[in-house]
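Chemist: From the sequence below, what's the structure:
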Amino acid sequence: MKQLAIGPSLLAFIRTVEHGSFAAAARSMGLSPAALGQSVRRLEDHLGVRLLTRTTRTMSLTAEGHMLVERARGPVRELDEIARIFEEARGEISGPLRVSAPAGVARHQLAGIVAEFCKRHPAVQLELDVSDELRDFATDAIDVGVRILRPKNSSIIARPIADLQAPTLASPGYLAVAGTPTEPSDLARHRCISYRYRPSGRIADLQFKIRGKLVSMPFRPALVVGDVDVACELAARDLGVVQPPSNYVRDHIESGRLVHILAKYTSTPWRLYLCYPSRNKLPMRVRAFIDFVRANMRAG
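Modeler: Have a look, this model is predicted:
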């Protein structure tokens, strides 16, 4: 049998199985999908067996692939541990890092933190996946995710990093014409702007703290939009009352375009979580990013 530097090809195969696709595995290794696919094919040629059954939509292990995975995962974990030890001994923070966050969080809270992290660690190739779609840590090759809801998967670590209020806001121009509500029930007589949650499609309720309890009040909005930033901008243009998560509105409030109403009823219905796979031996770059975000979220 001809000789082959089997280590890189074996690692490419194991990463492909772990991530569920060539594309996701390639991102985790800093390779192109084509290069990673060629590496797996070289391993198959060397062993003389097919390890993966591929179609245009799916990929599954053959019997030989299952056997190789069971035998090879232990040695590959040992190699990862050796690499991690030398990485930390050199004090290097480098390599690919894929972070997922909802659009509003990425735009208003995470962008500045990511910018500063990249300046401090230029050897890290950071990819910020900005989407309101819920990404999967395995199939989408996510290293760290910021979520508004705690993941149901018990294998995912979820660290709370910030609480978001639900301030009720309107423009001075709107209030001058429509009057200022003094009770949540008064909003039935006001124009209210709401937004539609993605991907569920549900229209956001109004949230209030009444007698110490969080009360969610469904209502008939005068205007519905698919983006919280747009909803805030429309409210600032005198179109009605809006109740966005607090991380969206700092600039509007500081400029005076929006002002607080019903402040004594403001609730805190949302909590941000920093999430990552439950692994004891995270790469140094992942741990560094987690620590950096937690420190800067607390500071902010």
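Chemist: pLDDT weak spots in this protein?
Modeler: Counting by pLDDT under 70, the chain has low-confidence residues at 1-6, 56, 80-81, 83-85, 87-89, 91, 138-139, 199, 279-281, 298-300.
Chemist: After the longest helix seen in the chain, which helix or strand is next? Please name it.
Modeler: For the chain, the longest helix by residue count, based on DSSP state H, is helix 63-90. Following helix 63-90 in sequence order, the next helix or strand is strand 95-101 (DSSP states H and E).
Chemist: for the helix or strand following that next one, the distance to its chain's centre please.
Modeler: Next in sequence after strand 95-101, counting helices and strands by DSSP H and E, comes helix 103-105. Remark: helix 103-105 is offset 9 Å from the chain centroid, using CA atoms, centre = their mean, to the nearest Å.
Chemist: Could you name the helices and strands sitting against the helix or strand following helix 103-105?
Modeler: Using DSSP H and E, the next helix or strand after helix 103-105 towards the C-terminus is helix 111-120. With contacts defined as 3 or more CB pairs under 8 Å, 6 or more residues apart in numbering; DSSP states H and E, helix 111-120 has these neighbours: strand 124-130, helix 284-299. Heads up, the C-betas are built off the backbone N, CA and C, glycines and all.
Chemist: The first one vs strand 95-101, what angle?
Modeler: Translated: strand 124-130. In terms of direction (axes from the mean of the first three to the mean of the last three CA atoms, to 10 degrees), strand 124-130 departs from strand 95-101 by 20 degrees.
Chemist: Show me what strand 124-130 packs onto, helices and strands only.
Modeler: Using 3+ CB pairs under 8 Å, 6+ apart: strand 124-130 touches strand 95-101, helix 111-120, helix 284-299.
Chemist: which residues touch it?
Modeler: 27, 30, 93-103, 106-107, 110, 114, 117-118, 135, 140, 142, 285, 289 (CB atoms under 8 Å, 6 or more residues apart in numbering).
Chemist: circling back: turn the helices and strands packed on helix 111-120 into JSON lines, including mean neighbour count and distance to Ile161.
Modeler: JSON lines is the format used below for the helices and strands packed on helix 111-120 (neighbours: other CB atoms under 10 Å; distance: least, CB to CB, whole Å):
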{"stretch": "strand 124-130", "mean neighbour count": "16", "distance to Ile161": "16"}
{"stretch": "helix 284-299", "mean neighbour count": "17", "distance to Ile161": "4"}
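Chemist: who wins for proximity to Ala231 among those?
Modeler: Of all the helices and strands packed on helix 111-120, strand 124-130 sits nearest to Ala231, with 18.5 Å by CB to CB.
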